Structures are given as C-alpha cells and as structure tokens.
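>>> sequence-free structure coming up:
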C-alpha cells in the first residue's frame, strides 16, 4: 500500500482500524480511536493526520440520531424539538419561552404581572404608578386589580385606563386586551399552579410548505422543497446573535450548520438542511460536511493522503453525492492500485448511479484482494454482484430492493426450491388431515394409548441437549429477569442455559397461540412448587403481562392460586407502560397483524426502552415484532430500534411470483421473506436478528439473513444474523457470545457483532441438526 514511508507506523495502524470501524459503522469505537489519534498526531507533529482524525471524530459522532433536528409534521402542534434546535444549536434567544406571571397569585401577589406590563409592554400608565422601591400592596393602591368570580378574567384599571386578561383553560391560552391591541400567551400547569408564558407565534403557510415563527419584531421562516429534498431556513438579519463557532480540543471548528449567505443590508441569513421522507413522516436533519472540510485540510498538507481521500468518498456516498464519491475512490486507486476498499466502494457508487457493468467489474476486482485478506468483505462483494445481475436483467427499472433480494435468494434456492416446497406442502396436507372433520376411530376397535412420560413439571428440568428446540426469550435488565412468550420446550432450554426459576421476575405473553404459551402453565406450576417448599419470607411473586386473548385463555388457571402472582397487567397496542421504577424500562406494545381465536386485533409486538442506570436520559431500544404480517404502519412502529428481533415464520410460493406486485406477494399472518426485509429496512436497527424460522428453512437461515443484510447494509444497520437457541447478546454494548471462546474459557466471552458469524453444521450436534453455532473470526 502506497503510504508516506516517513509516517509513524502506529498512526497508520490506527487509521486502518478507523477505516474498518467506518465500514461496520462502529461509531463508539471510531470516537475512541479518533481521540487517541489526535493526541498521537500532535505528539508526532503530523499536522495532516491531526486534521484527518478531527474529521473522523466529527463524522463519528455525527450519526443520524445526533443529526436529527425536528419533524416537519409535528409543527405547530408539537414544537418541542423545533424549539430545542433553534435555542440549543442556533442560539436564537428570542424564541425561548419567557415566564410572565402566575395566574393563581393574582390579586394577592401582583409584582410579576405589573413588572411584565411595565417592562415588556411599556404600558405607561402602569409604569407611572410604580414608585421607586417596589410593588407593595400600598404602592399599588391607586390601581385596581381583580378577578371575576369564575377565575377566568383579570381586570387591571386606573382612572380611564384598563387591561383585561382572559383565560382559556381548554386551549391553554391567555389573551390580553390593551390599548386597542390583543396579545396571546400560553398557559402551563406547573406544581399545581397555572403560569403564563410569552412564546413566539408558530404557524404553517403556503399549503404546508413553510413554517413561520415571529415574536415582537423578530421573525424567521423555514421553506420546504420536497423535489430537492431540502429545507431552507431564513433568519432576518440584525435580530439574532447566532454563534457559528464552537470549541473542540482547544480549536475553533465550524458549526454543523451549512452557512450560505450573510448580508448586512437588510438581507437575511440562510441555512440549508436535509429533508428525508421516512415512512409517512418528513424529518429534518443537519448536513454533515464539517468532516469533509477537515479531511480536505489534511489533503492540502499531504496531497496523496490515501485514507483521507477514501473517507471523503465514503461520506459523499452517504450524502448521495455519487459523482464526488466516484472521483475520490478513483483518486484512491491512482494512489494505490491494490487498495481493495476503494474498488469495493467504487462498485457501490457505480451501482447507485446505474452503471451496473462497471460496478460488477470493480466488485470482482475487490474480491481478488479480499479473498486473501478479508473473507467477509469478499462475501459482501459477491452478494452485490448477484444483486446487480438481478437489476440488469430487469433493466434496473421498477424493481425495489426487496424484489432484488428475493431474486438473489431464488437463485440460491433454485436447486432446492422444488424439494423445499414439496416439504412445505406435505406439512400443510398433514395439518389439513389432522383438523379434518372425518373420524379415524371406529366402534369396533376399543383401546387406550399412553401419550405421556413424566409428571407435569419435571420434564422442564431435562438436561438432554439433543432434544432442545422450541421458542421464547429471556431478557435480563437491571437485575430483573423477563420471560417472553414461553413456548414449546422453553423451560428445558432455559434450564440448560444455566438459569433457574428464581431468575424470573415477570412473564410477558404477546398472544395466545400454543407456540408462545405452551410452557406458561408449567412455569406457574414450578413457581407454586418452589413457594410450597420455602418459608413465607422467601416465597417469590412475579408480575404477568398478558394480552387480552392470553388473559382469557388462562383466566381459570390464574383464579385458582394467586400466591405466586404479584400483579397482572393487560398489554394492548399503543398503551405505553412506564415500568422504569419496577424494571428499568418503558414498555410500548405495538400493533400486530396476527389471527387468534378471539380475533386479530389483540396480538402485540413489544418495544422495550431500556433505561441506563447511570444516565436516566439514555435509552436502548429493543424491538420484537413477535408474530405479525407486514403493513407500512406496523413497520413504522419499530423505527430506530437498536436491536430488532423479527419473526419470519415461513415463506410462501407466491412470494417468488414476480408476476404479482409486492403487496400481493406478502404473507398474511407472518412477515415471510418480503415482510422481514421491509420491516428491517423500516426499523433500520443496528442489529437485526431474524428468528422463528419455519423448520423447513433450517439450512437456508444463514443465506436468507446474509441476503437481507446486503439490502440494508447502506443504512444505519450493521448486521443481520439468524437467531437460534443459546444466542446471547450483551446489552447495551450489542456484543454477541462466541460459543467456542466461551467453551474454551469456561465463561461467557462476548465479541463485537461485526466479528461474529452464524455457522450451520448439520452433522455436528447429534439429534439436533438445526443448531446454529456463533463463532468469532478466531474460530471461523
């Protein structure tokens, strides 16, 4: 690799690690490395590298959550995020809420209201009535201040002058009528008292294409341009004292906001922001070109700074500035013809432009290098080649990413498809026969068949690893243990993974189907059995969180013995439960599309906003689709989850029928292949775990997950991995346990998710051919 031969080797290795961190979007790691790099560059006198690391630091902290400003659709009903942006980022002070007076204090305490009228509104007859030393009751004796009997008006009078405040509790407003003018203020209830605030006027105009904010003689306007995907902010000059510089590590750096124009002749200051349509919402984001400015400074100091050119191209690609990205990657190849990453990313850019033929060539060139140095990237490059060939066959027109990923999987399945669907159809035929109305027994043959082995609860303690399968989840957060949907064989899986009944503090059930509830009764029996053998002070009680149909299903069981149940909660879609004190999280049940005996409106998915014990404002978002079909509304519920666990169910033949449109091919009661792809794209999680595969998909789980990962790889998401019994994820770090390292060390060893691969060894575990093994690069 052509790198400055005089540069410190430790700097070079640090820069290589940063490139890898960018590719896997490990922003936390990037921040640490960049901070270390800045100090190292200062110590070695490498000015170009100092700029490089500053640029990386800017980009690393500049993830999408931090760039989010406000949602256009929320204004003017909900202005909290808009106000926070204007006050905290642009330092526009005049938009702040200003406290005026307390409505309930009048007429006993009039100091604040008189001060407001005198100092703010400059009402002279009030001002002249105020003596030098304050606002005592004696001082104000020549002014009449009174309320009506309904506490809805305040009247202030002196001689022929008068002011009237009118209260509107329903609209949370106060109107002031004075000197032939009307002023409006807002009403807020704080600590049991009604307080009046002065706020700017916020309204929309031009058919929802502008937001206008005014207060006194100040004004600003946001202008929406959907075609160019941008929002322009214009602020009247000479009004606000906006700060455009902020300090970082002792150096002045340019604010994230893009400054376009500043005139002093009655013009205005203008800024541009990015508009993104996400779901059915319009979200406004800051641009992130500050990092590029630093990196360009690095190139001025060192013209052939390979990594600086690469990162600039990387950022331009994220900004959809494909032509600029293309130039940077071509420059990288001219500097070093063996730089595999430049070939790979140039392939991505050319694919985005629509130059499929050249894109494939560059991906193939990258594979030549990656096969020797980076096997995972070689797999990614080959996936892109297959994906692009699918695009080329359709001319790249009218095809969505979901359709292309299905084509890739169809190609992978071509040799197995007939056998696969033969197996699926045989299973469906068996089910039809089982639920047939025709009896199989006859009058002339009488018998009894034994269909059980152990008593009601001891099978749960089986340690026979060869027979473990089934479903459920166990969440441990803040010292509390949460069981979710204890289906077939849940307890034996739970026990075999080292847990016991005392670890359980709550049980959640999303819907009443047997594969999500079959071990619930056994769990409750085990709890009763445990409590029977212990003194009163050691008995355990748990909370139950059941959807409506599950509550109906288990009503009789729960009415018999309540000694092990502390409280029963009914979970319903859209009804948020703040459990931060009891469990350290906020629960948001989501709408699901899944038929039950009691109807299809009661099933729920789950979102846990897990609260950091050390920083209550910091939350980690864990989403679980549970069983559901796909709609746009269902997908939108999981936006910005850190981890999304998606239940694929099975796949249907109609999903492969390209003669149908995409919505017609959706699986009705489960996500299926298309719904899983779409919901992961909607959520854009850092980690997607695909779970609850149909048994017939056993050998295809890794192929399907890898293909979907290829579709989402340019987004916030980093990995898409199939889930299986025993997969353990450390929260909130999102590290995954390596089965082999853990076996060698005799304890759980977690590694970064970018280092983990799910491996399928059908012959490795006797009696359990469906088991996936999770291995780090050391063992892969």
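Received the coordinates, thanks. Note that the structure is a prediction, hence the values are computed from the model and not measured. Residues are numbered from 1 along each chain as shown.
>>> buried ones in stretch 81-91?
81, 82, 83, 85, 86, 89, 90 (16 or more other Cβ atoms under 10 Å). (Each C-beta comes from the backbone N, C-alpha and C, glycine too.)
>>> Confidence-wise, which of the residues you listed comes last?
Of all these, residue 89 has the smallest pLDDT value, namely 80.
>>> wait, which of the buried residues of stretch 81-91 is closest to residue 169?
The nearest member of the buried residues of stretch 81-91 to residue 169, counting by Cβ to Cβ, is residue 83 at 22.8 Å.
>>> Quick check: closest non-adjacent residue to the closest one.
Distances taken as Cβ to Cβ, 6 or more residues apart in numbering put residue 95 closest to residue 83, at 6.2 Å, once the chain neighbours are dropped.
>>> what sits against the one you found?
83, 86, 87, 200, 213, 215, 218 (Cβ atoms under 8 Å, 6 or more residues apart in numbering).
>>> now those residues as a markdown table including distance to residue 712 and secondary structure?
Output for the contacts of residue 95, formatted as a markdown table (distance: Cβ to Cβ, whole Å; DSSP: H, G, I helix; E, B strand; the rest coil):
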| residue | distance to residue 712 | secondary structure |
| --- | --- | --- |
| 83 | 33 | helix |
| 86 | 33 | helix |
| 87 | 35 | helix |
| 200 | 40 | coil |
| 213 | 37 | strand |
| 215 | 43 | strand |
| 218 | 44 | strand |
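>>> Any regions of the stretch 451-600 of the chain where pLDDT drops low?
451-470, 560-561, 596-600 (pLDDT under 70).
>>> where along it do the strands fall?
473-477, 480-484, 506-509, 542-546, 565-570, 577-579, 585-591 (DSSP state E, counting those that start in this stretch).
>>> quick one: strands adjacent to the fourth one?
In other words, strand 542-546. According to DSSP bridges, strand 542-546 forms sheet pairs with strand 506-509 (parallel), strand 565-570 (parallel).
>>> Residue 527 reaches residue 501, doesn't it?
Yes. Here residue 527 reaches residue 501: they are 6.3 Å apart, a contact under Cβ atoms under 8 Å.
>>> So for the two, which sits in the more crowded spot?
More neighbours surround residue 527 than the other of residue 527 and residue 501, with 23 against 20 (other Cβ atoms under 10 Å).
>>> ok, the nearest residue to that one once chain neighbours are set aside - contacts?
In space, not counting the residues next to it along the chain, residue 527 is nearest to residue 564; the distance is 4.1 Å by Cβ to Cβ, 6+ apart. Taking Cβ under 8 Å, 6+ apart, we find residue 564 in contact with 524, 527, 528, 531, 539, 540, 541, 542.
>>> Check the burial of residue 744 by counting its neighbours.
Neighbours around residue 744, by other Cβ under 10 Å: 12.
>>> tell me the contacts of it?
Under the criterion of Cβ under 8 Å, 6+ apart, residue 744 has no neighbours.
>>> Surely it is within a helix?
Yes. Assigned with DSSP: H, G, I helix; E, B strand; the rest coil, residue 744 falls within a helix.
>>> now it: how far from residue 776?
11 Å (Cβ to Cβ, to the nearest Å).
>>> now the contacts of residue 95 in JSON lines, with distance to residue 761?
Listed next are these as JSON lines, based on distance: Cβ to Cβ, whole Å:
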{"residue": "83", "distance to residue 761": "56"}
{"residue": "86", "distance to residue 761": "57"}
{"residue": "87", "distance to residue 761": "57"}
{"residue": "200", "distance to residue 761": "64"}
{"residue": "213", "distance to residue 761": "62"}
{"residue": "215", "distance to residue 761": "67"}
{"residue": "218", "distance to residue 761": "68"}
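>>> How is the protein partitioned into domains?
Domain segmentation of the chain under automatic domain parsing yields 65-93+202-285, 98-198, 726-780.
>>> These: lowest mean pLDDT?
domain 65-93+202-285 (a mean of 72).
>>> Run through the helices of the stretch 401-550 of the chain in chain order.
Ranges of helices within the stretch 401-550 of the chain are 401-413, 417-434, 490-496, 514-517, 520-532, 548-553, based on DSSP state H, counting those that start in this stretch.
>>> can you pull the buried residues of the last one?
In terms of neighbour count (16+ other Cβ under 10 Å), helix 548-553 has its buried residues at 548, 549, 550, 551, 553.
>>> Equivalent analysis for stretch 101-113, please.
101, 103, 106, 110, 112, 113.
>>> And residue 56, which helix or strand is it part of?
Using DSSP states H and E, residue 56 falls within helix 47-61.
>>> And the residue nearest to residue 83, how close does it get to residue 198?
Counting by Cβ to Cβ - residue 95 and residue 198 are separated by 11 Å.
>>> Can you check which residues contact both of the two?
residue 215.
>>> hang on, the earlier thing: do you know which of the strands of the stretch 451-600 of the chain lies nearest residue 23?
That would be strand 473-477 among the strands of the stretch 451-600 of the chain, by Cβ to Cβ, at 30.2 Å.
>>> Paired strands for the closest one, with orientation please.
Sheet pairing of strand 473-477 (DSSP bridges) gives strand 480-484 (antiparallel).
>>> who's in contact with residue 605?
Taking Cβ under 8 Å, 6+ apart as the test, what residue 605 contacts is 510, 589-592, 623-626, 628, 634, 637-638.
>>> Could you pull out the strands in the stretch 251-400 of the chain for me?
Under DSSP E, counting those that start in this stretch, the stretch 251-400 of the chain gives strands at 251-254, 258-261, 268-278, 281-285.
>>> And the strands paired with strand 542-546: which comes nearest residue 559?
Among those, strand 565-570 sits nearest to residue 559 (Cβ to Cβ), with 10.4 Å.
>>> What residues of the closest one count as buried?
Counting neighbours by 16+ other Cβ under 10 Å, the buried set in strand 565-570 is residue 569.
>>> who touches that strand?
By Cβ under 8 Å, 6+ apart, the surrounding residues in contact with strand 565-570 are 541, 542, 543, 544, 545, 546, 547, 548, 551, 558, 577.
>>> Leaving out the residues flanking it, which one is nearest to residue 586?
That would be residue 609: by Cβ to Cβ, 6+ apart, it lies 4.2 Å from residue 586.
>>> list the contacts for the one you found?
Contacts of residue 609 (Cβ under 8 Å, 6+ apart): 585, 586, 587, 588, 619, 620, 621.
>>> OK, contacts around the second one?
If I follow you right, that is residue 586. Residues in contact with residue 586, defined by Cβ under 8 Å, 6+ apart, are 576, 577, 578, 579, 580, 608, 609, 611, 619.
>>> rerun at 10 Å
Counting by Cβ atoms under 10 Å, 6 or more residues apart in numbering, residue 586 makes contact with 576, 577, 578, 579, 580, 607, 608, 609, 610, 611, 619, 621.
>>> Against residue 274, how distant is it?
29 Å.
>>> Same question for residue 630.
When distance is defined by Cβ to Cβ, residue 630 is 28 Å away from residue 274.
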